[in-house]
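Novice: Below is the sequence, then the predicted model.
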Number of protein chains: 2
Amino acid sequence: MLNSRFSYSALQRVARAGKPHKLLPSSRRYATLSTFFQHEPSQPSIKTELPGPIALQMRTDLNDVFDTRSLNMLVDYKKSHGNYLADPDGNILLDVFAQIASIAVGYNNPHLEQASKDPAMVRSLINRPALGNFPDAEYAEILRTGILQAAPPGMNQVFTASTGSDANETAYKAAIMWKAQQNRGGPEVEFTPEEMSSSMLNKAPGAPNHSILSFHGGFHGRTFGSLSTTRSKPIHKLDIPAFDWPAAPFPKLRYPLHEFEAENTAEERRCLQETEKLIQEFHNPVAAVIVEPIQSEGGDNHASPAFFQALRELTLRNNVLLIVDEVQTGVGATGKFWAHEHWDLSIPPDMVTFSKKAQAAGYYFREPSLRPNKPYRQFNTWMGDPARAILFRAILEEITTKDLVAHTAKTGKYLFDQLEQLSSKYPGEILNLRGKDRGTFIAFDSPRRDELIKRAKSSGVNLGGCGDRAVRLRPMLVFQEHHANILLEKLEDLIRQ
Amino acid sequence: MLNSRFSYSALQRVARAGKPHKLLPSSRRYATLSTFFQHEPSQPSIKTELPGPIALQMRTDLNDVFDTRSLNMLVDYKKSHGNYLADPDGNILLDVFAQIASIAVGYNNPHLEQASKDPAMVRSLINRPALGNFPDAEYAEILRTGILQAAPPGMNQVFTASTGSDANETAYKAAIMWKAQQNRGGPEVEFTPEEMSSSMLNKAPGAPNHSILSFHGGFHGRTFGSLSTTRSKPIHKLDIPAFDWPAAPFPKLRYPLHEFEAENTAEERRCLQETEKLIQEFHNPVAAVIVEPIQSEGGDNHASPAFFQALRELTLRNNVLLIVDEVQTGVGATGKFWAHEHWDLSIPPDMVTFSKKAQAAGYYFREPSLRPNKPYRQFNTWMGDPARAILFRAILEEITTKDLVAHTAKTGKYLFDQLEQLSSKYPGEILNLRGKDRGTFIAFDSPRRDELIKRAKSSGVNLGGCGDRAVRLRPMLVFQEHHANILLEKLEDLIRQ
C-alpha cells in the first residue's frame, strides 16, 4: 500500500508518529508504517471543547442565512487531509463517516486535485451543457473512460443524474415507462388521445397508478417520488404527501449469524413471500422493486446473498424490474466495487443506481429497451454534471492505481475481527456486529449510541449513526489499519470509561 | 460596454469583422464596435451540412452508451467562445438558446475560468461536503458574497439544492410542512403517534394530501413532485404517476397587447377567479401556488404585472404561500435581475426558486418560519454543490462588473424594436411577438416553427422552441447589438426564402 510518490522523510515522520497505543493488543501495535497521504496527520488532536469558540461564533453567523440545526461541525477543508477533518479551532478528527459515506479517496487527495485543475474540468465547470441536447463531443469518451469503467457486471448503458434521489427517481421513471409500454402492447403503439389529455390532468390512463415497491427500513432519497419509497424514519416523511406504493418487510436478522441460521433463513423466506404477494396483489400495479444491498440509513440491515438471489428470481418470475440502490453501498466500501457483486447473481439487476462516493450520479442498465420509446420522455436540462463525471473518472483512477477495493476488503477484515474481539470483551456494549466480509461497511448496535457518538467526537473520532441505535462505520477507501487502530482504541476507551 | 482589459488589436479585429450586412437597415449597420470576448468569432461559419461527418460518427459512438435521440448538436467546448458554439466539424453557430437558457455570461468566460482555477473551487470540488452536517467554515461567507448577493428584494435566507426540479421540490416541502404545522396548531405542537406511524405507510394523517397549485402551461421540473405541477406537454408527463393536485388556467393574452387591453384584462380576471376558487374548494388543500413570471417551456406565455399583484393578494387572503419559479426567468435575462421585480409587489413572494443561469440552485425565502420546526425535516446529503455556489459568485461578479442586466435591458429593447419592424414587414411569419420591456426574453410564434429552427441552424444560428409553435430567444447576458443584427439578418433571410 506504499505510495511510491511519497518521500522517505514523510515515511519517517509517519513512522515516528506510529508509537504504540497503550491499550492496543500487541497485534495492533506496529501497523502504522505507511500512509496514502503526505500531509495526513498521524492522530486526532483535540484542543478545545467541541464546538470550539471560533466554530460557535461562525455557526451563529451561518445560522442567520442558512438553517444550522442539523450542523455536526464546521470544517476547515483547507487543513483536512486524507482521513482527517480539521475544524476552524484547530481540532483534528479522524473521520469515519466521510460526509455521510460520500468521500471515496480522502480529503484533498492530490490526484483529484490535479484532475480538478485540468482544462477539461475547468471547461466543464464554466460551460455546463444541457447534456441531452448539446453534450461535449468528448462525452462518450468521458463516459467510457470514467462512469462506464465502473459499470456493474452485465451493464453497458448509463443515464446520468444529479443526486442519489435524482438517480432513483429517473430509474423509477424508466421502470414505470417500461411497464406502461408493455401494457400498451409495445414501444411502437402510440399514445391514445385520452392518455395524452388525462396525463395533463395528473389522471389515469395518461398518468396511471403504477408503483415502485420498496422495503421497510429502506432509504432511497427525499424528493417526492424517492421519498415515497423511503421507509426509514418518520422525520424523513412527516407531512409530505406520498404515493400509495407498497412496502415489503425486510429481513430482521439475528446475530451472530452462525447461531441463528435456521431462524434467519425462515425470516428471509417470510419477507420474500410477502414481497411476492404484494407484487401480485397490490392495487397499484408494481413496475419495479428497489432494494439496498445493505439498508444503510435504516440501520445497516443486512440480508444474505440467498435472499437477494431469490429476490432476483422473484422479480423475473413476476415481470417486474429489480433496481439495486447502490448510492451508499457502491464504489468499493464493501470490499467489492458494487455491493451486489457479493450475491453472484446469474442474471444481473435491471438497473443499478449510484451517487455519493461516485460524486457523479445516475443509473446503469443493460437493455436498450429501458430507453423509453420516444425522445424527451427521460430528459431534463442538465442530466447530471460533466464536472462530476470527470471527477468520478479521477476517483476511479485513484482506486485502481492504489488497488483500494482489495485494500478495503483487507482493512475491513482486520477491523471486523478486532471489533469482534471487543464485542466479546464488552458484550453489552457492542451488539449485533454486522458487515463481516463486507469491507469496512461495518455497524454495531450500542445501548448508548448517541452518547457514544458524542463522546467519540470529543475524543477526536467522527462517527455516524443510523437506524435507532446503530453506529455505522463509513470510512473512506483510504482507511488503513493504523486508522482502524485509533478507532478501536478510542472505542475501547469510551466503553471502559 | 467596452471591456477595458481587451487589447486594441482585438478591437481592430472585431471592427474589421463588422462589415455591413447586405440586408440590414442602415440603423443596424455599424453597431459592431466592441465585444466582451477577445476570442469570440465575428460571425457564424458553416462548413458542412449539420450534423457534419465527424459529428455523425461521434453521435453514433455516443449512442452506444447514452441515449442520443434528443441530441441537438455535439459541441466542441474548447472552441466555443462568448455567444458562439463550435461543433467538431468546425462549424460555428451563434447561440441564442444557451443550453436551454442556462449559460449567463458566455462560453469560456475568462472571469469564470479564473474562478474555476481558484484553490477554493478546487477544494470544493474534491471535498464535497454534506452541507447540512459538515459545511465549510467559510460557507456563510460564500453565501453572503455569492448567492445572497443576488437575493430578491425582501429575502435574506436560502436553502440550496442541486437542480431546478430539486429547488422546486424542496420549496414544495417547505410550503407543505408550513401548512401542516399551521393546521397542527403551531411549531411547538408535537407529532401524534398516529401521524408518526401513518407517515411510514405513506398515508394520512402523517402523509396528508396537501397540494401545490400550478398553472396550465407551467413547467416546474421533471422529478415526481415537480412533474405533478408541470403542465406543459404530454411528452413530459405520459405514464408517470402524479399527485392529485390542482391546475388553474393561465391567461392566454392576445397580441399586440395595446389592441386587446379589455379582452386581456377580462382573461386575467377569469384566471384569477378560477385560481381562488380552486384554492378554496379543491379537495386536497392547497399549501402554495407556484408560478413562472413568464411560462417558458409552455410557450413563453406572459401575464401583466397587475395579474401577479392580484395573485400575490389572493394568496395572502387565502393563507397559502406564493412560490415564484425563476429557474428560467432569473439572473438578468428579462432586464431586471429577477423577472418578478417587474411586478412592483408591495409584499414579496414567500419563496423564489432559482437554478439554470445561476448554476447553483435552491430557494430564497424571507421568514425563518419557513424553516420546519425540527432539524432533518428539510435535509439531504449534499443540499446543493458549493462548487456551483462559488461559480454563481463569479457569475455575479461578471454581471456586476460589466453591468450586464442593464446591458440586457438595452439590447433587448433594440432586438424587440427590430423584431417588431420585421413582424410588420412579414405579418404572417412573426406572430404574437412578446417580451416587450423584458430584456432579451423575447418570443414569437411562427407558422413553420420547426422548419424555421432547423433552417436557422443550417445558416449558423442556434434557436430554441417552446410550446406548440413559439420560437424563444434565450441569449446570454453578453448578447450584444451586433449579435442581434446577425440574428435579425438570418431571420429575414429565412423568411424571404
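Specialist: Structure received. Numbering: from 1, shown residues only, chains lettered A, B, ... in the order given.
Novice: Nearest to chain B: which residue in the stretch 51-200 of chain A?
Specialist: A:Arg69 (3.5 Å; CB to the nearest CB). Just so you know, the C-beta spots here come from the backbone N, C-alpha and C atoms, and that holds for glycine as well.
Novice: Quick check: phi and psi on the residue of the stretch 351-497 of chain A at minimum distance from chain B?
Specialist: Proximity of the stretch 351-497 of chain A to chain B (CB to the nearest CB) peaks at A:Pro375, 3.5 Å away. When read as degrees, to the nearest 10, the backbone of A:Pro375 gives phi -70, psi 160.
Novice: okay, now it: neighbour count?
Specialist: 15 (other CB atoms under 10 Å in any protein chain shown).
Novice: Now for it: which residues touch it?
Specialist: Residues in contact with A:Pro375 (CB atoms under 8 Å, 6 or more residues apart in numbering or on different chains) are B:Asp67, B:Arg69, B:Ser70.
Novice: what's the neighbour count on the spatially closest residue to A:Leu143 that is not a sequence neighbour?
Specialist: Distance criterion CB to CB, 6 or more residues apart in numbering or on different chains; nearest residue to A:Leu143, sequence neighbours excluded, is B:Val65 at 5.6 Å. Here the number of neighbours of B:Val65 (other CB under 10 Å) works out to 17.
Novice: Give me the outermost residue of chain A relative to its centroid.
Specialist: Distance from the C-alpha centroid of chain A peaks at A:Pro193, with 42.4 Å (CA atoms, centre = their mean).
Novice: ok, now how distant is it from B:Arg231?
Specialist: To B:Arg231, A:Pro193 is 17 Å away according to CB to CB, to the nearest Å.
Novice: Pull out the buried members of the contacts of A:Pro375.
Specialist: Among those, those classed as buried by 16 or more other CB atoms under 10 Å in any protein chain shown are B:Asp67, B:Ser70.
Novice: Spell out which residues of the stretch 201-350 of chain A are next to chain B.
Specialist: Contacts of the stretch 201-350 of chain A with chain B, taken as CB under 8 Å from any CB of the partner chain, map to A:201-203, A:206-211, A:216, A:221-226, A:228, A:231, A:234-245, A:247.
Novice: per-domain residue ranges of chain A.
Specialist: Annotated domains of chain A cover A:8-95+A:412-496, A:135-330+A:339-375 [automatic domain parsing].
Novice: quick one: the shortest one to chain centroid distance?
Specialist: So that's domain A:8-95+A:412-496. The chain centroid and the centroid of domain A:8-95+A:412-496 are separated by 18 Å under CA atoms, centre = their mean, to the nearest Å.
Novice: Stretch A:326-341 now?
Specialist: 8 Å.
Novice: how long is that stretch end to end?
Specialist: Terminal residues of stretch A:326-341 are spaced 11 Å apart (CA to CA, to the nearest Å).
Novice: In space, not sequence, find me the middle residue of chain A.
Specialist: Short answer for chain A (CA atoms, centre = their mean): A:Gln328, at 0.9 Å.
Novice: in what helix or strand does A:Met177 lie?
Specialist: Here A:Met177 sits within helix A:164-184, counting by DSSP states H and E.
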